[in-house]
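Undergrad: here is my input; please provide its structure:
(2 chains)
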Amino acid sequence: MTIPRNWRARAAILAVLGLALAAAGPAAAHHSFAMFDNEHQVKMSGTVSKFEWTNPHVYIHLQMADAAGEVKPYTVECANPGILNRVGWKFNLIKPGDKLVMIIAPLRNGEAGGLLKEVTLPDGRVFNNGGFAGPALIH
Amino acid sequence: MKTDLSKLAGLALACVAIPALAQAASHAAAAKLGPRTLAGVWESPWPPDQLRQPNDPPPPVEVTTPPLKPQYLAEWRAQQKATADAIARGAPPVTDNVNCIPGGFPSMMGPVFPVEVLETPGQVTIIQEAYGQTRRIYLNEKQIAVEDAEPEFFGHSVGRWEGRTLVVNTIGLKENVRMRNAPHSGDMRVDERIEVTGPDTFEDHVTVTDPPYLTGPWSWTWSYKRKPGYKMNEFICENNREFADPKTGGQRLKLGD
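TA: Next comes the predicted model:
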């Protein structure tokens, strides 16, 4: 199967495939990622306030500047420790105070949270969020 | 006479040599297949997480549509559509899984996450990394009566080896433990033929039988490949931030640290 270059078409195809996977059975994942807006991904920077290496998901809590420059708390959902270990993460990869650059699918309801697509650490290393979370469509 | 003796000698040699050659070939074939064991850690043969690039499509759907009787199929299809519509609206429903209740058997055998198999005397134990789900298959025991099988998430499983295939029968599955959300009766049975197909592969041929709900057997096959050197991650659902929106019932994310 060829993935079109156009990212919107690609996102639509992945969404359909995601639905097929979600329909396959409850073991597919903890939950559907449909509450996140995959088609309007954003690049954000922030400073880590807390890193939760937990199941069913890993969370990065950050202080982030919004479009008006006001700093606000933001919650980023990641995959789970097992998936992240398998794509090269480590439980202590991220620490409070780290400045991160992230590509995120924001919550559709406009609240201050999103699903991680890709994170760049202070040392420049880049990590994705495993296969189930889907790709970063912007850079 | 001399010729006859020589023919007899040739025949005698053939009688010894041909079975020996056949046995050697059989041994070679068995050696190629590897030992008859399920012990170890296994994963889907489709690209595992660490190799699946974000742009790769997910693995194909292996589990077929349940052959439900018409009165149940209509309701099942409506429910599937409602879920798909809710997902399309960005408000997926809160399922048991979202509430950290594991999928149970048979869905736990789907190798979306790695699966570890332990073989101990009289027992095969299968651990699914997702939710740390564990099932126990008791070997060479007679299956208990359905009315004696306490309904559980993983049921009551007995098995025996037939050549390279572990033949397993499971009963006693809770009615709210559903594969693909298909309803079932307390009498449902699941038969598996878990075939060791090579030194690093096995297949689980699953057949669900439930005459009150199904028009016939519901069968599918899950494939696995060995995941050498892998150490299973624990999975305790300690920090579940997904919850149901009180108005829409759709999933929400609890924010803040």
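
Undergrad: using CSV, write down the CA coordinates of stretch B:223-236.
TA: What follows is stretch B:223-236, C-alpha atoms only, in CSV (Å, rounded to 0.1, in the frame of the first residue of the first chain):
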residue,chain,number,x,y,z
SER,B,223,0.2,-15.6,14.2
TYR,B,224,3.2,-15.1,16.4
LYS,B,225,7.0,-14.9,16.1
ARG,B,226,9.6,-15.2,18.7
LYS,B,227,10.9,-12.1,20.4
PRO,B,228,14.4,-13.2,21.5
GLY,B,229,15.9,-11.7,24.6
TYR,B,230,12.8,-9.6,25.5
LYS,B,231,12.0,-9.0,29.1
MET,B,232,8.3,-8.3,29.7
ASN,B,233,7.2,-4.9,31.0
GLU,B,234,4.9,-4.7,33.9
PHE,B,235,1.5,-3.1,33.3
ILE,B,236,-0.4,-1.8,36.4
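
Undergrad: list of residues touching that stretch?
TA: For stretch B:223-236, contacts defined as C-beta atoms under 8 Å, 6 or more residues apart in numbering or on different chains pick out A:55-56, A:80-82, A:85, B:40-45, B:48, B:62, B:111, B:113-116, B:127, B:129-132, B:199-204. Yep, even glycine has a C-beta here, placed from its N, CA and C like the rest.

Undergrad: buried set for that stretch?
TA: For stretch B:223-236, burial by neighbour count (16 or more other C-beta atoms under 10 Å in any protein chain shown) applies to B:223, B:224, B:225, B:226, B:227, B:230, B:232, B:233, B:235.

Undergrad: and those residues, which is closest to residue A:118?
TA: Set against residue A:118, the nearest of the buried residues of stretch B:223-236 by C-beta to C-beta is residue B:233 (21.9 Å).

Undergrad: please report how far that closest one lies from residue A:91.
TA: Separation of residue B:233 from residue A:91 (C-beta to C-beta, to the nearest Å) stands at 10 Å.

Undergrad: now swap in residue A:128 and tell me
TA: Counting by C-beta to C-beta, the gap from residue A:128 to residue A:91 is 17 Å.

Undergrad: which one of these two has more residues nearby?
TA: residue A:128 (23 against 12; other C-beta atoms under 10 Å in any protein chain shown).

Undergrad: give me the beta-bridge partners of that one?
TA: residue A:118 (DSSP bridges).

Undergrad: just for the stretch 101-250 of chain B, where's the confidence low?
TA: Low-confidence segments of the stretch 101-250 of chain B (pLDDT under 70): none present.

Undergrad: circling back to that earlier point, same list (the buried residues of stretch B:223-236) but as TSV, adding secondary structure.
TA: Below are those laid out as TSV (DSSP: H, G, I helix; E, B strand; the rest coil):
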residue	secondary structure
B:223	strand
B:224	strand
B:225	strand
B:226	strand
B:227	coil
B:230	coil
B:232	coil
B:233	coil
B:235	coil
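
Undergrad: other SSEs contacting the longest strand along chain A?
TA: In chain A, assigned by DSSP state E, the strand with the most residues is strand A:42-52. On a contact count with 3 or more C-beta pairs under 8 Å, 6 or more residues apart in numbering or on different chains; DSSP states H and E, strand A:42-52 meets strand A:59-65, strand A:71-77, strand A:99-106.
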